[in-house]
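>>> take this sequence and fold it.
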Amino acid sequence: MSVVAERSTATAWSAQEVARAFVFATEWLGVHVDEVNALNVYPVPDGDTGTNMHLTLQSVRRQLTEQDHERMEQVARALSYGSLLGARGNSGVILSQVLKGFADSIKVHDDVDATALVDALRSGSEAAYAAVMKPVEGTLLTVVRESAEAGEKSLRAAHARPGVNGVAQEGVLREVLAAGRLSLERTPELLPILKQAGVVDAGGLGYVHLLDGLLAYFDGRDLPPPPKIERRAQEQFEEQAFGFCTEFLLADVTAPTSTIRELVAPFGDSLLVVGAEGFVKGHIHTEEPERLLATVARYGRMVRSKVEDMSEQHSEILADVDAAKAEAPASAAVAVANGYGITKAFRSLGVRVVGGGQTDNPSVEDIADAVRSVGAESVIVMPNNKNIIMAAERVAELVPDKHVRVLPTRTIGQGLAAAVLFQEAVDADTLFEEMRSAADGALTLEVTRASRDAEIDGVSVRVGDAIGLADGVLLVAESDAPACLLALLAARAADYGVATLFHSTEAAEEVPGLVERIAAAHPDLELEVHAGGPDLYAYVMVLE
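Below is the predicted model:
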């Protein structure tokens, strides 16, 4: 799309222009996600650096498009807060700190001129280095720092020239981008594993694309076509044990971020723990993800967690390499979900996942990005939440080159039941009605906590009570979560034979006892249990 018509002719960038530039840069990076993923070998060859950086920026974009950005402080908060909440993976958390430093610098200005831009880039670099316990050169950090230094040098040189009264910030950004590209080319000389693999740093490439996207907005360039991926660096590495990439987002945290960082450090490496506005975001590679999550959960309310088996990720990448050589599949499926157990379940069924759910609805563009990323021309989208259905239905307008059909799943259970029938080799029109029928036959039970006193549908609820919902309808309120789930089952389980239970980290210790009670009360119910339920819920059970 062309952005020329949206540009202003001001000598400094207004808050609105900074916001629009980051929105466009998110789309620009989205085009290059697979290219960045194909390079990733450090710290492990897990191939999701581009995805993680893009997810981080998508969260920023959501803040920028859903909130006002008339003033620079509003834009700054969207950059800082949005990137912290959406940060994914090692690269995403580092990028969130770059954006936080950038935001802290620009929020005091009415607009961004060349000097403010240079200050913001330097601040972003400093914030990123401060967040990493053991900075490694030859990575995203190096590219951020050296490109920022080039901006400062460019500005000093311009001011030193006789007769120069002002410097265009676009010109400075052009110098920053050029320096970023040179820095990226040097990363293999600084990090041996990159030289061994014959690639540049993936995170550094992602950052260069971000800078290029910002400049492209001001230059009025259109989005380029996705680059063709000829090889993946991960192919050179044998399958081996890499551990678990574990992330958490805590809210209402009262302990200092440094305390949580020290608590987490012994669990593994690639550690990043950062915080702002009562939130703490953590990332670590560990062999004990469940124990780590249970430990940090004592210091705040767990808003979001994610556990990825990096060995499994690597195996999937190698399988994808083989699949890429085959013909494009007849169909693809995209689902909205969160909670690492549920996300893993969808992925195991061949479904592309968009992060989101209750209180964290993805934007139309977030879902469209996922639809664009699949190889099939025919795509079934499962929103899995009644509040996301309308956004899903708008995706077809943004991706006219694909045949998008929305299966209006209103719950996670409906989505999982439908996904079980998905087959990428089968035409989507044939699949659609079968998947709809499966979705209609599933029941989703959810247990969460009441945030206020209320009386709904004849059920009296006190703040803090465990409340139970069946397909989104409040049925019971109890003093504790296990009793609430048992009450739901007593009311609704009679017509079902199979149950899949997902639980939160906080509920892990009580699960064995709960499973025994379910077996005693419902001996004919076949039960499967998984950790990693969706955010905000102690338990989610799918009955089929």
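>>> and residue 381, what are its bridge partners?
Per DSSP bridges, the residues bridged to residue 381 are residue 334, residue 406.
>>> distance check, the closest residue in space to residue 38 that isn't next to it in sequence against residue 415.
What sits nearest to residue 38 in space, not counting adjacent residues and going by Cβ to Cβ, 6 or more residues apart in numbering, is residue 232, at 4.5 Å. C-beta coordinates here come from the backbone N, C-alpha and C atoms, glycine included. Distance from residue 232 to residue 415, counting by Cβ to Cβ, to the nearest Å: 30 Å.
>>> residues of stretch 479-495 that come out buried?
481, 482, 483, 484, 485, 486, 487, 488, 489, 492, 493 (16 or more other Cβ atoms under 10 Å).
>>> dihedrals phi and psi, the nearest residue to residue 338 once chain neighbours are set aside?
Nearest non-adjacent residue to residue 338, counting by Cβ to Cβ, 6+ apart: residue 357, 4.5 Å away. Dihedral pair for residue 357: phi 170, psi -150, per degrees, to the nearest 10.
>>> touching, residue 357 and residue 304? I think so.
No - assessed by Cβ atoms under 8 Å, residue 357 is found out of contact with residue 304, at 9.7 Å.
>>> show me the common contact partners of those two, please.
Residues touching both residue 357 and residue 304 (Cβ atoms under 8 Å, 6 or more residues apart in numbering) are 338, 535.
>>> who has more neighbours, those two?
The neighbour count for residue 357 versus residue 304, taken as other Cβ atoms under 10 Å, is higher for residue 357 (24 against 21).
>>> that one: what's it in contact with?
336, 337, 338, 339, 384, 385, 412, 534, 535 are the contacts of residue 357 under Cβ under 8 Å, 6+ apart.
>>> the third one: neighbouring residues, count only.
Residues lying near residue 338 (other Cβ under 10 Å) number 25.
>>> contacts only, for it.
304, 355, 356, 357, 360, 534, 535.
>>> highest neighbour count among the residues you listed?
Most neighbours among the contacts of residue 338, by other Cβ under 10 Å: residue 356, with 27 neighbours.
>>> wait, it touches residue 382, no?
No - Residue 356 is not in contact with residue 382 according to Cβ under 8 Å; the separation is 11.9 Å.
>>> what touches both of the two?
Here residue 356 and residue 382 share the contacting residues residue 336, scored by Cβ under 8 Å, 6+ apart.
>>> before we move on, which element is residue 90 in?
Using DSSP states H and E, residue 90 sits within helix 89-106.
>>> quick one: name whatever helix or strand follows that helix.
Assignment by DSSP H and E places the next element after helix 89-106 at helix 114-131.
>>> buried residues, that next one. List them.
Neighbour-count burial for helix 114-131, counted by 16+ other Cβ under 10 Å, picks out 114-129, 131.
>>> same thing with stretch 400-412?
In stretch 400-412, residues buried by neighbour count (16+ other Cβ under 10 Å) are 402, 404, 405, 406, 407, 408, 409, 410, 411, 412.
>>> now those in TSV, with distance to residue 187 and pLDDT?
Output for the buried residues of stretch 400-412, formatted as TSV (distance: Cβ to Cβ, whole Å; pLDDT from 0 to 100):
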residue	distance to residue 187	pLDDT
402	35	91
404	38	94
405	43	94
406	42	95
407	43	96
408	46	95
409	43	96
410	46	94
411	45	93
412	41	93
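>>> was I right to think residue 201 contacts residue 143?
Yes - contact criterion Cβ under 8 Å: residue 201 and residue 143 qualify, at 7.0 Å.
>>> intersection of neighbour lists for these two?
Here residue 201 and residue 143 have 184, 187 as joint contacts, going by Cβ under 8 Å, 6+ apart.
>>> of these two, which one has the most company?
residue 201 (33 against 29).
>>> and the closest residue to that one other than its chain neighbours, how many neighbours?
Take residue 201 and drop its neighbours on the chain: the residue closest to it by Cβ to Cβ, 6+ apart is residue 187, 4.1 Å away. Look at residue 187: counted by other Cβ under 10 Å, it has 24 neighbours.
>>> wait, a strand at residue 306?
Yes - assessed by DSSP: H, G, I helix; E, B strand; the rest coil, residue 306 belongs to a strand.
>>> these two touch, right, it and residue 342?
No - contact criterion Cβ under 8 Å: residue 306 and residue 342 do not qualify, at 10.8 Å.
>>> quick check: neighbours shared by the two?
Shared contacts of residue 306 and residue 342 (Cβ under 8 Å, 6+ apart): residue 532.
>>> what's the separation between the nearest residue to residue 229 once chain neighbours are set aside and residue 369?
Distances taken as Cβ to Cβ, 6+ apart place residue 38 nearest to residue 229, at 5.0 Å, with adjacent residues excluded. Distance from residue 38 to residue 369, counting by Cβ to Cβ: 17 Å.
>>> do residue 161 as well
Applying Cβ to Cβ to residue 161 and residue 369 gives a distance of 43 Å.
>>> so between the two, which is more surrounded?
Using other Cβ under 10 Å as the criterion, residue 161 and residue 369 rank with residue 369 on top: 26 against 8.
>>> quick one: neighbours of the closest residue to that one other than its chain neighbours, just the number.
Leaving aside its sequence neighbours, residue 369 sits nearest to residue 30 (Cβ to Cβ, 6+ apart; 5.1 Å). By the other Cβ under 10 Å criterion, the neighbourhood of residue 30 contains 27 residues.
>>> on that earlier part again, wait, the residue nearest to residue 229 touches residue 228, no?
No - counting by Cβ under 8 Å, residue 38 stays clear of residue 228, with 10.5 Å between them.
>>> between the two, which one's more packed in?
Higher neighbour count among residue 38 and residue 228: residue 38, with 23 against 7, using other Cβ under 10 Å.
>>> next one: phi and psi at the more buried one?
Per-residue torsions, residue 38: phi -70, psi -20 (degrees, to the nearest 10).
>>> surely residue 65 forms part of a helix?
Yes - under three-state DSSP, residue 65 sits within a helix.
>>> on the pLDDT front, check it for me.
With respect to pLDDT, residue 65 scores 87.
>>> just residue 133 next, same as before
Reported pLDDT for residue 133: 83.
>>> if you drop the residues flanking it in sequence, what lies closest to it?
residue 271 (5.6 Å).
>>> for that neighbour, what are its contacts?
Taking Cβ under 8 Å, 6+ apart, we find residue 271 in contact with 133, 261, 264, 265, 282, 283, 284.
>>> what helix or strand does the second one sit in?
Using DSSP H and E, residue 261 maps to helix 257-264.
>>> centre of the chain to that helix, how far?
How far helix 257-264 lies from its chain's middle: 23 Å, per Cα atoms, centre = their mean, to the nearest Å.
>>> let me know the next secondary structure element after that helix.
strand 268-276.
>>> by how many degrees do the next helix or strand after that following strand and helix 257-264 diverge?
Past strand 268-276, further along toward the C-terminus, the next helix or strand under DSSP H and E is strand 279-286. Relative orientation of strand 279-286 versus helix 257-264 (axes from the mean of the first three to the mean of the last three Cα atoms, to 10 degrees): 20 degrees.
>>> strand 279-286 packs against which elements?
helix 72-86, helix 89-106, strand 244-251, helix 257-264, strand 268-276, helix 289-296 (3 or more Cβ pairs under 8 Å, 6 or more residues apart in numbering; DSSP states H and E).
>>> what mean pLDDT does it have?
Per-region confidence: strand 279-286 scores 88 on mean pLDDT.
>>> list the neighbouring strands of it plus their orientation.
For strand 279-286, pairing defined by DSSP bridges yields strand 244-251 (antiparallel), strand 268-276 (antiparallel).
>>> which of those strands sits most buried?
strand 244-251 (a mean of 23; mean count of other Cβ atoms under 10 Å).
>>> may I have that strand exported as PDB, CA atoms only?
Taking C-alpha atoms only, strand 244-251 is exported to PDB below (Å, rounded to 0.1, in the frame of the first residue of the first chain):
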ATOM      1  CA  PHE A 244      12.500 -25.100  27.200                       C
ATOM      2  CA  CYS A 245      12.100 -21.400  26.200                       C
ATOM      3  CA  THR A 246      10.000 -20.100  29.100                       C
ATOM      4  CA  GLU A 247       8.300 -16.800  29.400                       C
ATOM      5  CA  PHE A 248       6.100 -15.100  31.900                       C
ATOM      6  CA  LEU A 249       4.200 -11.800  32.400                       C
ATOM      7  CA  LEU A 250       3.300 -10.800  35.900                       C
ATOM      8  CA  ALA A 251       1.000  -8.000  36.900                       C
END
